[in-house]
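Student: predicted model, plus sequence, below.
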Amino acid sequence: MTDPIVAEGLVKTYGGKVQAVKGVSFEVHTGEAYGFIGPNGAGKTTTVSMLSAGLRPTSGRAVIDGVEVAANPEEVKRRIGVVFQESTADGDLTGRENLEIAAGLYGISRREGKERASALLERMQIGDASERMAKTYSGGMRRRLELGVGLIHRPKILFLDEPTLGLDPQGRAGFWQFIQQLRKEEGLTVFVTTHYLDEADQYCDRIAIIDHGTIVATGTPTELKDKLGGDVVTLKTSTAQDVSETLRQVPGVLTVQRQDSSYRLKCSSGEVVVPLAVEACSKAGSLISTVSVKRPSLDEVFLEFTGREFREDEGPSATDKAILGARLQSMRGGRR
Ligand SMILES: Nc1ncnc2c1ncn2[C@@H]1O[C@H](COP(=O)(O)OP(=O)(O)OP(=O)(O)O)[C@@H](O)[C@H]1O
Ligand SMILES: [Mg+2]
C-alpha cells in the first residue's frame, strides 16, 4: 500500500533567492501522527503548503494518497483537511455558517452540509455557540471551529500548521484530545507542525526536526532522545562543600554542572551512576538530600540538533512575517 504522504526532495526557493526548503524527503504511514518541528523560519509552513497543494515546489515531488500533487492539485485538496497557522474562520459569520459554507465549497449537498455542521459543532464542543459570530469565540473555540472546517468533507489525511499556537495548556490539551479521538475512530493520518515540543513528544509517533530548510534528525520521540545517549541525574547535597570533582570521578559520569548545592550530571545510565555517586559523596563527607533521574527531553534533543535553545516567545513567526509582507505588497498594488 502506498503511504498517504510522500515527499521526495522537495525544494522551495522564494523569489529566486530565499531558499526556504532545501530538499526534504520523508514518508508518513497510514494512521501515523508525524510531527515537524523547527525554529522560526525553518521551512515548516512552506513544506506544509507544498504537500497540501497550496504552493508549487521549485523542484522535487509530493504524492498524497497516491495522487501526484503537481499534476492533480484539486484532487489532492479534496482528499485532505488543512488547519492553517493563520486563522481562517470568517469572524463575521457564525460558527455554523462557517461550516456550512465550507461544506458547499466541497460540493456537499445542503442537507448533508447542515447535518455534518451540526455533528461537528457538537463534537468540537461549540454547539452552544454555534449561532454566534466567530469573532466572539475564544482562541480555543476558534481553533476547534477551524478544525471542524478542515474535517467537513471527511478527509483521511489532515495537515495542521501550528494548530495550538497561543492556546493555554487546557486549550491545547482539549484540541489534541479531539485529534487523538479522530485518529482512533477514523484512522486519520496527521501531519503537524508545532512549537510545543511537549506536544510532539506526547502525541506524535515520529518526528522530523527541520532547520534552515533541511531535516537534521528523524525518529520516534524515544529514538531521538536515545540519540543523545544517556540520562540526566540531578543531585542536591545537604552541605555547601563543592563535590563536582568527586562526581566527575564516578564511573559512567560524562559531564557535571554545578549550581550552588545542585549538580546536573550527564551519564550513560542513571541507575548505575546514582548509587556510586551517593557512595562517593558520602566518602567525601557530603550527604545527598535529593536525587532524580531523567531521560533527556525533546528540548535537549532540539538544542543538540539545531544548536539553539527552544523558545516559545520568539516574536512574530517567519510565516506571519511573510504573510504580512505579501499583504502589504498587494495593498500597494504589487503582485504576490
Ligand atoms: N511568500 C514568501 N516570500 C518570501 N519568503 C518567504 C515567503 N514565505 C516564507 N518565506 C521565508 O522562507 C523561510 C521559511 O519560512 P516558513 O514560513 O516556511 O518557516 P516556518 O518554519 O513555518 O517558520 P515559523 O515557525 O515562524 O512559522 C523564512 O525565511 C521565510 O521568511
Ligand atoms: Mg510557519
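Tutor: Yep, it's here. Ligands and ions are numbered 1, 2, ... in the order given.

Student: now do the strands in this structure.
Tutor: In the chain, strands defined by DSSP state E lie at 5-14, 18-28, 33-37, 59-64, 67-68, 80-83, 157-161, 189-193, 206-211, 214-219, 231-237, 253-259, 262-267, 288-294, listed in chain order.

Student: okay, the angle between the third one and strand 157-161?
Tutor: Spelled out, that is strand 33-37. Here strand 33-37 runs at an angle of 20 degrees relative to strand 157-161 (axes from the mean of the first three to the mean of the last three Cα atoms, to 10 degrees).

Student: what sits up against stretch 5-14?
Tutor: Residues outside stretch 5-14 that contact it (Cβ atoms under 8 Å, 6 or more residues apart in numbering): 19-28, 34, 43, 46-47, 50-51, 55, 57-64, 157, 189, 191, 322. (Glycine included, C-beta is placed from N, CA and C.)

Student: which among these count as buried?
Tutor: Taking 16 or more other Cβ atoms under 10 Å as the criterion, what is buried in those is 19-24, 26, 28, 34, 43, 46-47, 50-51, 55, 57-58, 60-64, 157, 189, 191, 322.

Student: distance of residue 77 relative to residue 50?
Tutor: To residue 50, residue 77 is 13 Å away according to Cβ to Cβ, to the nearest Å.

Student: longest single helix anywhere in this structure?
Tutor: Counting residues, the longest helix in the chain under DSSP state H turns out to be helix 169-186.

Student: what separates residue 241 from ligand 1, distance-wise?
Tutor: Distance, residue 241 to ligand 1, by Cβ to the nearest ligand atom, to the nearest Å: 46 Å.

Student: looks like that residue contacts residue 287 (just checking).
Tutor: No - between residue 241 and residue 287 there is no contact under Cβ atoms under 8 Å: 10.0 Å.

Student: list the contacts for the residue most central in space within the chain?
Tutor: A centroid search over the chain (Cα atoms, centre = their mean) returns residue 194, at 2.4 Å, as the residue closest to the centre. Contact analysis of residue 194 by Cβ under 8 Å, 6+ apart lists 35, 36, 37, 162, 163, 164, 165, 200.

Student: same deal with residue 234?
Tutor: Residues near residue 234 by Cβ under 8 Å, 6+ apart: 262, 263, 264, 265, 290, 291, 292, 294.

Student: that older thread, shared neighbours, residue 241 and residue 287?
Tutor: Counting by Cβ under 8 Å, 6+ apart, nothing touches both residue 241 and residue 287.

Student: count the neighbours of residue 105 for me.
Tutor: Residues lying near residue 105 (other Cβ atoms under 10 Å) number 13.

Student: tell me the pLDDT of residue 166.
Tutor: We note a pLDDT of 79 for residue 166 in this prediction.

Student: okay, now the unreliable bits of the protein?
Tutor: Within the chain, the segments meeting pLDDT under 70 span 308-316, 322-336.

Student: residues contacting the residue of the stretch 201-336 of the chain found nearest ligand 2?
Tutor: Going by Cβ to the ion, ligand 2 is nearest to residue 319 of the stretch 201-336 of the chain, at 3.3 Å. Residue 319 makes contacts with 44, 45, 85, 86, 161, as judged by Cβ under 8 Å, 6+ apart.

Student: ditto for residue 238
Tutor: Residue 238 neighbours (Cβ under 8 Å, 6+ apart): 261, 286, 287, 288, 289.

Student: could you measure residue 138 against ligand 2, distance?
Tutor: Distance, residue 138 to ligand 2, by Cβ to the ion, to the nearest Å: 22 Å.

Student: near residue 29, how many other residues are there?
Tutor: Neighbour count for residue 29, taken as other Cβ under 10 Å: 13.

Student: so how far is residue 44 from it?
Tutor: Taking Cβ to Cβ, one finds residue 29 at 20 Å from residue 44.

Student: re earlier: next step: the contacts of residue 319 restricted to helices.
Tutor: Counting by DSSP H, the part of these found in helices is 44, 45.

Student: which ones among the contacts of residue 319 also lie next to ligand 1?
Tutor: Counting by Cβ under 6 Å from any ligand atom, 44, 45, 85 from those sit close to ligand 1.

Student: dump the strands of the chain into TSV; add distance to residue 169 as well.
Tutor: Listed next are the strands of the chain as TSV, based on distance: least, Cβ to Cβ, whole Å:
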stretch	distance to residue 169
strand 5-14	29
strand 18-28	27
strand 33-37	18
strand 59-64	32
strand 67-68	37
strand 80-83	19
strand 157-161	18
strand 189-193	17
strand 206-211	20
strand 214-219	26
strand 231-237	24
strand 253-259	27
strand 262-267	26
strand 288-294	21
